[in-house]
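Colleague: Mind folding the following:
(one chain, ligands or ions: 1)
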Amino acid sequence: MSLSNAAVRDIETVIHPYTNLDTFRTSGPMIIERGEGIYVYDNGGNRYIEGLAGLWCTSLGYNEQELIDAATEQMKQIPFTHVFGGKSHERAAEAAERLKAIAPHAASKVLFCGSGSEANDQQVKLVWYYNNARGLTKKKKFISRQRGYHGVTVASASLTGLPGNHRDFDLPISGMLHTDCPHYYRYAEPGETEDEFTTRLAKNLEEMIIREDPETVAAFIAEPIMGAGGVVIPPAGYFEKIQAVLKKYDIYFIADEVICGFGRTGNMFGSETFGMKPDSISVAKALSSAYFPIAAVTVGEEMYQAMIDESKKLGMFGHGFTYTAHPVGAAVAAKTLEIYEKRNIVGHVRALAPRFEAHVQRLAEHPLVGHARAKGLIGAIELVADKKTKRSFDPASAIGAAVVAAAQRHGLIIRPLAGDIVAFCPPLIITLEQIEEMFAAVHKALDEVEHRVT
Ligand code: PLP
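Modeller: All right, here's what the predicted structure looks like:
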């Protein structure tokens with residue numbers, strides 16, 4: 001295969017995340033040039049359904065004119081002004097008001113930042129700050145879950161529970177603990193019911209807290225559906241049992257809504273879908289439909305009051321990024337949230353979810369698929385060598401990557417995750433017809449790879 005000039009220039013200049021940097025030197029990148037609706041086009045003019053909405057983020061697709069206009073107008077009015085030291089701009093409050101109005105908990109204020117990783121990093125700092133303000137100076141540890149994904153900064157990568165994000169980066173830092181992943185298909189013991197499984201996980205969490213000393217455990221963070229860790233949908237009752245434990249030990253509960261937020265699971269937030277009652281949420285990605293890097297955390301009134309007290313004591317709240325509440329990002333976020341409301345994006349997802357979920361479930365009949373799961377417009381299949389024993393393929397066969405490559409040849413971009421899991425997460429504006437088109441490509445890809453391995 002000969003590489004285009006653009007690909008060669010890329011190889012010589014750009015470091016690519018989540019890429020084998022060795023094999024990349026010969027394979028090179030796929031260059032995406034433009035987008036339209038749920039489709040993107042490569043530099044050879046080939047069209048693909050973006051079946052993962054980019055990185056679980058382009059909820060409104062690739063040419064939403066209202067977002068382009070919002071960004072352009074803000075760029076023209078003033079491309080940058082900051083919110084440090086008493087300055088502000090109107091877009092910041094517009095975006096914050098809209099987020100507060102829909103948040104799945106009593107949000108008092110919004111602290112913006114640039115990415116999901118920064119949002120979760122801020123969560124860690126805010127909890128430490130809050131507990132210092134409350135005089136709870138020992139209460140600092142965080143608990144997240146194995147296979148959870150919360151980002152890649154030093155703190156958020158420590159919260160992440162995936163070995164690939166820790167290994168040789170000297171992570172996690174101390175005080176970051178990981179409890180069980182609620183993946184019933186993989187981790188249930190033989191004969192264990194879902195109810196027994198979730199009870200065991202809640203018990204393990206409680207034992208961890210007691211072992212660590214509850215006085216030292218500050219917060220628990222969880223995605224409603226684990227995304228990068230394998231699109232793990234928790235069994236019914238899981239969060240109820242987990243939350244009962246958190247409450248008992250006064251542990252702050254953060255919902256990482258970076259993927260599930262803004263309609264993905266058929267409610268505005270995944271927290272609503274799974275009965276979560278968080279103290280705060282982290283949002284990013286679909287907050288701006290990924291048209292501009294912006295993210296945020298919500299802060300409840302009690303924490304806000306403690307932050308005021310600290311400001312009195314220390315003279316200021318000593319945190320913030322140059323791009324905190326960037327005016328272009330805030331303008332795009334405010335417009336995105338307006339569009340979700342006026343176009344009833346949640347209603348659209350609910351209308352399409354039964355078809356999407358049924359398509360994913362049907363894939364479980366395929367000989368390569370051990371488990372299929374979906375909720376709203378997010379789902380995944382888990383490929384196994386033996387359906388009965390759930391035995392995985394030899395990692396060297398890279399079967400997930402093979403299915404993804406085959407799908408790409410059939411005009412569909414999807415994503416392989418660790419454990420031969422293939423994820424689906426199309427833009428929320430997808431139509432019923434496009435769902436058919438998407439899964440037709442998945443079937444072709446699976447059949448092709450099946451012929452190769454059998
Ligand atoms: N949290 C979750 C649930 C995510 O899926 C991601 C990214 O995929 C992040 C946090 C990190 O966000 P970012 O990549 O914007 O730093």
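Colleague: for the closest residue to the ligand within the stretch 1-150 of the chain, what are its contacts?
Modeller: Here the residue of the stretch 1-150 of the chain nearest the ligand is residue 116; by CB to the nearest ligand atom that distance is 2.2 Å. (C-beta placed from N, C-alpha, C; glycine too.) Residue 116 makes contact with 150-151, 156, 256, 258, 282, 284-285, 295 under the criterion CB atoms under 8 Å, 6 or more residues apart in numbering.
Colleague: per-residue pLDDT, it?
Modeller: With respect to pLDDT, residue 116 has a value of 98.
Colleague: State the distance from it to residue 68.
Modeller: The gap separating residue 116 from residue 68 is 23 Å, by CB to CB, to the nearest Å.
Colleague: do residue 281 as well
Modeller: To residue 68, residue 281 is 27 Å away according to CB to CB.
Colleague: Residue 286 too?
Modeller: To residue 68, residue 286 is 17 Å away according to CB to CB.
Colleague: same deal with residue 400?
Modeller: Relative to residue 68, and taking CB to CB, residue 400 is found at 35 Å.
Colleague: Comparing the two, which shows the higher neighbour count?
Modeller: residue 400 (25 against 13; other CB atoms under 10 Å).
Colleague: Surely the more buried one is in contact with residue 423?
Modeller: No: at 9.5 Å, residue 400 does not count as touching residue 423 under the criterion of CB atoms under 8 Å.
Colleague: where do the contact lists of those two overlap?
Modeller: By CB under 8 Å, 6+ apart, the residues touching both residue 400 and residue 423 are 416-417.
Colleague: residues making contact with stretch 308-322?
Modeller: Stretch 308-322 has contacts (CB under 8 Å, 6+ apart) with 82-84, 113-114, 118, 122, 125, 129, 132-133, 307.
Colleague: On the pLDDT front, check the residue in the stretch 251-400 of the chain that the ligand sits nearest to for me.
Modeller: The stretch 251-400 of the chain approaches the ligand most closely through residue 258 (3.4 Å), counting by CB to the nearest ligand atom. Predicted confidence (pLDDT) at residue 258: the value is 98.
Colleague: now do residue 357
Modeller: 98.
Colleague: Leaving out sequence neighbours, find the closest residue to it.
Modeller: Spatial nearest neighbour of residue 357, excluding adjacent residues (CB to CB, 6 or more residues apart in numbering): residue 374 at 4.3 Å.
Colleague: Residue 364 too?
Modeller: Excluding the flanking residues, the one nearest residue 364 by CB to CB, 6+ apart is residue 372, at 4.0 Å.
Colleague: Need the contact partners of the host helix or strand of the one you found.
Modeller: Residue 372 is part of strand 369-375, with elements assigned from DSSP states H and E. Outside strand 369-375, the residues that touch it by CB under 8 Å, 6+ apart are 185, 225, 231-233, 265-266, 273, 353, 356-357, 359-364, 379-384, 387, 390, 424, 446.
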